[in-house]
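Okay, predicted coordinates and the sequence, questions at the end:
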Amino acid sequence: MNVTTGVYNNSPGRDVSYTGPLYTTIVVMCLIQSAVACLGNLLTVVIIWRTPSLHTVTNRYILSLAVADFLAGILALFSTLWYIDADLENFLSACKYCCLFYYVFLFGTFEASMSNMTMIALDRLVFIVYPFVYERYATGANANSLISLSWCVTIAFSVLPLKLNRFDDVGTCLQLEVLSKEYQVVGVGTVLVSSLAAVTASYASILVVAKKQRAAISARVNNNYSANHVANRRQISVFVLICVISFVCWVPYYTCMIMGVTVGVSYDVFNFCAVLGLVNSAINFILYSYMNKDFRKSFSTQMCRCRKR
């Protein structure tokens with residue numbers, strides 16, 4: 001984390017600036033992201049937990065994603081501490097494990113979010129393209145095993161900064177200087193590229209199948225089948241939107257990492273892109289949960305019960 005100005009380099013001494021519209025924007029973004037991600041994803045967990053009809057295989061992955069995004073919301077709130085006061089920033093930056101554990105949670109929530117988004121995409125792909133295979137193997141037990149495995153991988157990936165760091169040498173909490181280049185470029189890049197590739201390929205395949213279904217529908221007259229197709233098209237539109245937003249939120253951050261370890265990048269741009277990546281955790285709640293009709297219905301039911309009490 002850093003709140004300094006200039007360009008990433010190895011020169012000692014930097015002018016610190018906590019004022020200006022950019023840092024005000026960053027703090028506001030962090031606070032809004034934290035509120036939406038924490039409240040929204042906590043609501044998702046509660047609704048799924050208390051609604052038996054939502055205990056589906058897919059919603060198990062969404063529940064896991066909500067937990068990851070909830071933690072990202074907590075992290076965003078913690079991030080504001082680096083921006084609101086210079087003395088507090090200096091204290092946190094000088095504290096080795098305050099610094100390193102921030103990156104542990106940052107890349108832990110990042111990897112967890114990416115892996116859960118990938119599992120959701122693959123789940124929808126198999127459900128639509130290979131329905132008989134899905135019916136046979138998509139069980140709650142198998143889903144729980146995959147989720148447990150993904151969180152084990154997440155923990156293993158996230159704790160690497162505790163080992164792969166140069167804090168004792170550089171004495172700063174600037175990400176591109178304190179963390180190893182291999183971890184940022186290769187490690188983070190592998191997670192990001194592989195996840196986005198899997199998500200994009202899955203939704204592209206779903207779109208191809210949907211196109212074939214649309215052609216089949218045009219050859220037959222069946223109002224019920226047409227209504228189901230319209231519902232599927234809406235769901236597919238959400239899938240495409242998820243893919244686009246993930247690119248918009250995370251690719252700039254990774255691009256800044258590459259630039260930072262090669263040609264250099266502005267601190268201001270890097271900070272903004274880092275916060276933009278966290279914003280994806282708040283948007284996921286809207287896309288995966290609130291835009292789901294069954295979830296909205298369950299939410300209304302739970303609210304009515306609370307009012308009756």
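That came through fine. Numbers count the residues shown, from 1 in each chain.

how many neighbours does Thr80 have?
For Thr80, the tally of surrounding residues (other C-beta atoms under 10 Å) stands at 17. In this view, the C-beta of every residue, glycine as well, is placed from N, C-alpha and C.

who touches it in this structure?
Residues near Thr80 by C-beta atoms under 8 Å, 6 or more residues apart in numbering: Val27, Cys30, Leu31, Ser34.

hmm, 10 Å instead?
Contacts here follow C-beta atoms under 10 Å, 6 or more residues apart in numbering; on that basis Thr80 touches Ile26, Val27, Val28, Met29, Cys30, Leu31, Ser34, Val275.

Next, it: phi, psi?
The phi and psi values for Thr80, taken as degrees, to the nearest 10, are phi -60, psi -20.

distance of it from Ser34?
Thr80 sits at a distance of 8 Å from Ser34 (criterion: C-beta to C-beta, to the nearest Å).

what's the overlap in contacts for these two?
Common neighbours of Thr80 and Ser34 are not found (criterion: C-beta under 10 Å, 6+ apart).

rewinding a little: greatest separation within the contacts of Thr80: which pair is it?
The largest separation in the contacts of Thr80, counting by C-beta to C-beta, is between Ile26 and Ser34 at 12.4 Å.

and the helix or strand Leu241 falls within, average pLDDT?
If you go by DSSP states H and E, Leu241 is part of helix 223-261. The predicted model assigns helix 223-261 a mean pLDDT of 74.

Quick check: closest non-adjacent residue to Thr139.
Excluding the flanking residues, the one nearest Thr139 by C-beta to C-beta, 6 or more residues apart in numbering is Val57, at 7.0 Å.

Just confirm that neighbour contacts Tyr134, I think it does.
Yes. Val57 is within contact range of Tyr134, at 8.5 Å (criterion: C-beta atoms under 10 Å).

Quickly list what's touching both of Ile26 and Ser34.
What both Ile26 and Ser34 touch, as defined by C-beta under 10 Å, 6+ apart, is the set Ser79, Thr80.

Leu81: neighbour count?
Neighbours of Leu81 (other C-beta under 10 Å): 16.

Is the closest residue to it other than its chain neighbours part of a helix or strand, or is it coil?
Leaving aside its chain neighbours, Leu81 sits nearest to Leu88 (5.8 Å; criterion: C-beta to C-beta, 6+ apart). What DSSP: H, G, I helix; E, B strand; the rest coil gives for Leu88 is helix.

okay, Leu88: pLDDT?
So Leu88 comes in at 80 (pLDDT).

Relative to Cys98, how far out is it?
From Leu88 across to Cys98, the span is 11 Å (C-beta to C-beta).

With Ala274 instead?
Taking C-beta to C-beta as the measure, Ala274 falls 17 Å from Cys98.

Point out where the stretch 1-150 of the chain drops to low pLDDT.
By pLDDT under 70, the weakly predicted segments of the stretch 1-150 of the chain are 1-20.

Helices of that one, start to end?
Counting by DSSP state H, counting those that start in this stretch, the stretch 1-150 of the chain has helices at residues 21-50, 57-79, 81-84, 86-94, 96-129, 131-137, 140-158.

Val191 is nearest to which of those helices?
Among the helices of the stretch 1-150 of the chain, the nearest to Val191 by C-beta to C-beta is helix 96-129 (5.3 Å).

what is the mean pLDDT for the helix or strand harbouring Val199?
Using DSSP H and E, Val199 falls within helix 189-218. When pLDDT is averaged over helix 189-218, the result is 82.

buried residues in that helix?
Judged by neighbour count (16 or more other C-beta atoms under 10 Å), helix 189-218 contains these buried residues: Val191, Leu192, Ser195, Leu196, Ala198, Val199, Thr200, Ser202, Tyr203, Ile206, Ala210, Gln213.

so who does the first one touch?
Meaning Val191. Contacts for Val191 (C-beta under 10 Å, 6+ apart) come out as Phe107, Phe110, Glu111, Ser113, Met114, Ser115, Thr118, Val153, Thr154, Phe157, Trp250, Tyr254.

can I get the CA coordinates of stretch 110-128 in PDB?
Extracted C-alpha coordinates of stretch 110-128, given in PDB (Å, rounded to 0.1, in the frame of the first residue of the first chain):
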ATOM      1  CA  PHE A 110      -8.300 -11.700  -5.100                       C
ATOM      2  CA  GLU A 111      -7.500 -15.300  -5.600                       C
ATOM      3  CA  ALA A 112     -10.600 -16.500  -3.800                       C
ATOM      4  CA  SER A 113     -12.800 -14.200  -5.800                       C
ATOM      5  CA  MET A 114     -11.200 -15.400  -9.100                       C
ATOM      6  CA  SER A 115     -11.400 -19.100  -8.300                       C
ATOM      7  CA  ASN A 116     -15.100 -18.800  -7.200                       C
ATOM      8  CA  MET A 117     -16.000 -16.900 -10.300                       C
ATOM      9  CA  THR A 118     -14.300 -19.600 -12.400                       C
ATOM     10  CA  MET A 119     -16.200 -22.400 -10.600                       C
ATOM     11  CA  ILE A 120     -19.500 -20.600 -11.100                       C
ATOM     12  CA  ALA A 121     -18.700 -20.200 -14.800                       C
ATOM     13  CA  LEU A 122     -17.700 -23.800 -15.200                       C
ATOM     14  CA  ASP A 123     -20.800 -24.900 -13.300                       C
ATOM     15  CA  ARG A 124     -23.100 -23.000 -15.600                       C
ATOM     16  CA  LEU A 125     -21.200 -24.400 -18.700                       C
ATOM     17  CA  VAL A 126     -21.600 -28.000 -17.700                       C
ATOM     18  CA  PHE A 127     -25.200 -27.400 -16.700                       C
ATOM     19  CA  ILE A 128     -26.100 -25.900 -20.100                       C
END
